[in-house]
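Colleague: got a structure for you, letters missing:
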């Protein structure tokens, strides 16, 4: 019998099944440095311990999105090794900042299953929790994937499609304990625009672009222990190209958004997300944001800004997302809907 | 007189000569993160402090192979700057896990010399020790290299060829102090196969492949302070290609072996090793293992598995090693013989 | 109104204006590891805590040049986003070693302005200080850049050209507190040449070369939070090539100089520097040094060596710098004038 991991197939995902994912991972200052080397962000709360302390935090956490990648990476061997497509995210919330020294692990529960009419594939919804060593959750999110059936004769399960919020409600956002933006230093943060300066419907072209290299996206993807073959083995695809992990594009877009959103320091929620088109080495990635919604939080001086964060291969086209046919334009790589925390 | 390091030549290696190699190096959490970014391994004992503690260790060490590279790298300027070929390894033992904060240095003693009949080159055997700052050894190994003579008129030394064990005897393996696998968590480790599940003669195809980039192997090689020119300077070889440091392939193969050997957590010995063919950027590396021997250890719950770990450019060919002529197949990159520690 | 950073233009630089640059950054062990992975240096005082302590320091600092890059990177969004050319450096002094845990920020004061006769550009001189969180300066330097005018109708300012020392005077060099080379271990440092062995006028060919990859220079440049577009976006230049950040070449040259200057452990000053020609991925970089001046310091066993450190694409041509026309040869990348500290 083969000793390598065959992954799971559609019929293995029974409603309510829980996966305790393998390989806990201790976060270090090395992860922070690599994140800085891989992505051009400069959000001050992650960059400087003193800045984070000035905002009421006990130290400077690692980037929220880095924690997301670590938690996500652990789910790949169980959930998506046999995935045909990563269909979406919902109800992602960051519950507690992650610091070097924290050990993270992941747990997923099957909350929805629906076989496709072709009888060969099906859609599985899982809710994943990232947990610290002490069992405290650091983030959770729902994602759904299309999976192959391993045994085409396996009976179709009773279809269950979970009801998912179109976005995390502002009152459900978790603000990091102690966060206080009343003494926020806008000059040190590198931007003067605050919560009140952004208007719903506003488009922000983040201007800068980054051309992607194979070594970079592979180093990033391994760092999160995400070992899906298609990212590493040039022989996996007929065109001989390695597919870039969608999370690499999320991190790039978020980092590029610093230019124009310097004070949107913290990602509090991932409301939805689509990897609209594949990305390959040699592509140059740009980003733009649209302000979708504004909300208050109970924390002192802390407002919330809901943003559509888009990664695209076309510079200077903030707002261009879909064609007349309603489909994503071919240059769109990522359409992400997030809540960020920003000072008043 | 030139101030750059000319290295040593065959005639400089007199039996019993000891080299205290330069540039001690303090290991950090940054080295751990880079190792994770460069190699796709997920062995839990190196990944998570809590997992290592659950196995009786005082913390999570850096990968054994990373410690080997650091110790090896220091020997290059003295031993192999003028090497024609790196011929082999033997009697390599890991004596004590290395943790961030440890400072490593290296010492080598010449234990064998034999001039070749051409009068222009000779073979030198050295036993190298890696030492912690307090003088405690962390690993030792023998390697032999073919070196040019600097002065062709230097007399040939009395030939001395050391007797080397074909493999480290199981009873000579050093199990890290405190290691106890009786409470081992197979689910968190990511694999269910234990010592009893592996049979001598069994072949394991590790399935996954990684296409290598120039930036990656150079970053790895510099990280170990191994500055042999041929790895960095495209003008060093007539074909304009940079030769990939053999240690990069060792680390890749070991990391790829996670898929199928998830619980072979610790490398306890390097019995032998050959870099069968050169490797270049653009090559895709796969790995397979053959179980060579099984043994017990005195540590609770800890068994030993001796493996032939092979890196190859050909996927799906576990077991294919040599041609009818007895020579390595052209796709074979590495043939490594190691002892690993694995739970009962 | 656009929310992205438009940078500053020539007319924004009024004499005496002070910029408190954004994004403080806490240095970590991860930065150290990445620096080692990116550059082939092995200076022992940065490599090993024990070696640094043996030289009287409280621990092993990060490379001086890494601290310079961090401080420099912060100035880019304010000073040089609209620069036409980076013209020079002067009076750079390292005032206090930087250690992991230190948080750095930068401040610049305009000390000179001179509009060019074309009325479209002008030269700005700034003195930049790198500051630790407690306000203690870690380094300072002057640089001057040519900037575009944003408003061509802005009146030309009264020209003020600062008087700058051609080199930092030996008595103005700051030796790190506690530095004592009287017990210096030349064998562990990896080189036997000491202060007395170097003669003014001596040329040292550092022999080794490194071929540069896109992923490497971009990772380095992001690590220093230097986000100038031309280094990252292949579409920024008509030739589709990314320009390599000059600081990457400084670090490469300094690291290559280890071979022949193993004991020139510490960079104490940057007297002057020119990025003579642009560098692109695929170029192979070599280095040579010329001993310009020797001086004593008040610290025990510590001498000072002033070096011209040259990065070039042509190997084996130590001393070849300018053509008959007095201009830099086309293969010259960097002409840097530094003071280093070296044991007697």
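Modeller: It's in. The shown structure was predicted, so the numbers you read here are calculated from the model rather than taken from an experiment. Numbering: from 1, shown residues only, chains lettered A, B, ... in the order given.

Colleague: paired strands for the lowest-mean-pLDDT helix or strand in chain A, with orientation please.
Modeller: One helix or strand of chain A scores below all others by mean pLDDT, DSSP states H and E: strand A:83-94, with a mean of 93. Counting by DSSP bridges, the strands paired with strand A:83-94 are strand A:137-148 (antiparallel), strand A:266-275 (antiparallel).

Colleague: list the contacts of it.
Modeller: Defining contact as C-beta atoms under 8 Å, 6 or more residues apart in numbering or on different chains, one finds that strand A:83-94 is touched by A:64, A:67-68, A:80, A:121, A:123, A:127, A:138-148, A:164-165, A:168, A:172-174, A:246, A:266-275. Where you see a C-beta, it was placed from the backbone N, CA and C, and this is true even at glycine.

Colleague: and the residue of the stretch 151-300 of chain A nearest chain C?
Modeller: residue A:190 (2.9 Å; C-beta to the nearest C-beta).

Colleague: and the residue nearest to residue A:219 when sequence neighbours are not counted, how many neighbours?
Modeller: Nearest residue to residue A:219 in three dimensions, chain neighbours excluded: residue B:37, at 4.2 Å (C-beta to C-beta, 6 or more residues apart in numbering or on different chains). Neighbour count for residue B:37, taken as other C-beta atoms under 10 Å in any protein chain shown: 27.

Colleague: residues contacting residue A:66?
Modeller: Neighbour list for residue A:66: A:31-32, A:35, A:98, A:224, A:251 [criterion: C-beta under 8 Å, 6+ apart].

Colleague: and the helices in the stretch 201-344 of chain A?
Modeller: Assigned by DSSP state H, counting those that start in this stretch, the helices in the stretch 201-344 of chain A fall at A:214-223, A:246-256.

Colleague: show the buried residues in the contacts of strand A:83-94.
Modeller: Among those, those buried by neighbour count (16 or more other C-beta atoms under 10 Å in any protein chain shown) are A:64, A:67-68, A:80, A:121, A:123, A:127, A:138-147, A:164, A:168, A:173, A:246, A:266-275.

Colleague: beyond the strand or helix carrying residue A:50, next helix or strand please.
Modeller: Assigned by DSSP states H and E, residue A:50 falls within helix A:49-54. Proceeding C-terminally, helix A:49-54 gives way to helix A:64-75 as the next helix or strand, assigned by DSSP H and E.

Colleague: so the residue of the stretch 151-300 of chain A closest to chain C sits against residue A:262, correct?
Modeller: Yes. Judged on C-beta atoms under 8 Å, residue A:190 makes contact with residue A:262 at a distance of 4.7 Å.

Colleague: if residue A:141 is in a bridge, with which residues?
Modeller: residue A:128.

Colleague: which ones are touching it?
Modeller: A:68, A:89-93, A:127-128, A:270.

Colleague: ok, those residues vs chain C, which is closest?
Modeller: Distances from chain C to these, taken by C-beta to the nearest C-beta, are shortest for residue A:68, at 19.3 Å.

Colleague: what pLDDT does that closest one get?
Modeller: You'll see residue A:68 listed with a pLDDT of 98.

Colleague: ok, now which ones touch the nearest residue to residue A:114 once chain neighbours are set aside?
Modeller: Nearest residue to residue A:114, sequence neighbours excluded (C-beta to C-beta, 6+ apart): residue A:159, at 4.2 Å. Listed by C-beta under 8 Å, 6+ apart, the contact partners of residue A:159 are A:113-115.

Colleague: around chain B, which positions in the stretch 201-344 of chain A sit nearby?
Modeller: Taking C-beta under 8 Å from any C-beta of the partner chain as the contact definition, the stretch 201-344 of chain A meets chain B at A:213-216, A:218-220, A:222-223, A:225, A:227, A:229, A:232-236, A:242.

Colleague: any of these buried? List them.
Modeller: Here, 16+ other C-beta under 10 Å leaves A:213-216, A:218-220, A:222-223, A:225, A:227, A:229, A:232-234, A:236, A:242 buried among these.

Colleague: could you list the low-pLDDT ranges of chain A?
Modeller: Counting by pLDDT under 70, chain A has low-confidence residues at A:1.

Colleague: show me where it has strands.
Modeller: Secondary structure of chain A (DSSP state E): strands at A:18-20, A:25-26, A:83-94, A:103-115, A:121-132, A:137-148, A:203-205, A:210-211, A:266-275, A:284-296, A:302-312, A:332-343.

Colleague: check whether the second one comes near chain B.
Modeller: Just to be clear, that refers to strand A:25-26. Yes. Judged by C-beta under 8 Å from any C-beta, strand A:25-26 comes into contact with chain B at A:25-26.

Colleague: counting contacts, what elements does the helix holding residue A:50 pack onto?
Modeller: If you count contacts as 3 or more C-beta pairs under 8 Å, 6 or more residues apart in numbering or on different chains; DSSP states H and E, helix A:49-54 packs onto helix A:44-47.

Colleague: ok, residues contacting the helix it packs on?
Modeller: Contacts for helix A:44-47 (C-beta under 8 Å, 6+ apart): A:32, A:36, A:51-52, A:55, A:57, A:60-63, A:188-190, A:265-266, C:22-26, C:225.

Colleague: can you flag the buried ones in the residues you listed?
Modeller: For the contacts of helix A:44-47, a burial check counting by 16+ other C-beta under 10 Å picks out A:32, A:36, A:51-52, A:55, A:57, A:60-63, A:188-190, A:265-266, C:22-26, C:225.

Colleague: correct me if wrong: residue A:26 contacts residue A:105.
Modeller: No. In this structure, residue A:26 is not within contact of residue A:105 by C-beta under 8 Å, at 10.4 Å.

Colleague: okay, and the common contacts of those two?
Modeller: Common neighbours of residue A:26 and residue A:105 (C-beta under 8 Å, 6+ apart) are residue B:48.

Colleague: partner residues bridging residue A:148?
Modeller: Bridge pairing for residue A:148 - DSSP bridges - gives residue A:121.

Colleague: ok, now how distant is it from residue A:16?
Modeller: Separation of residue A:148 from residue A:16 (C-beta to C-beta, to the nearest Å) stands at 22 Å.

Colleague: cool, residue A:206 as well?
Modeller: Taking C-beta to C-beta, one finds residue A:206 at 42 Å from residue A:16.

Colleague: cool, and residue A:32?
Modeller: 37 Å.

Colleague: do the same with residue A:134
Modeller: Counting by C-beta to C-beta, the separation of residue A:134 from residue A:16 is 25 Å.

Colleague: what does residue A:291 give?
Modeller: When distance is defined by C-beta to C-beta, residue A:291 is 39 Å away from residue A:16.

Colleague: more neighbours: these two, which one.
Modeller: The neighbour count for residue A:291 versus residue A:16, taken as other C-beta under 10 Å, is higher for residue A:291 (17 against 8).

Colleague: OK, contacts around that one?
Modeller: A:198-202, A:204, A:305-307.

Colleague: run the last query once more with 6 Å
Modeller: Contacts for residue A:291 (C-beta atoms under 6 Å, 6 or more residues apart in numbering or on different chains) come out as A:198, A:200, A:202.

Colleague: in the sheet, who's paired with the closest residue to the first one other than its chain neighbours?
Modeller: Looking back up the chat, that one is residue A:198. Take residue A:198 and drop its neighbours on the chain: the residue closest to it by C-beta to C-beta, 6+ apart is residue A:291, 4.9 Å away. Beta-bridge pairing of residue A:291 under DSSP bridges involves residue A:307.
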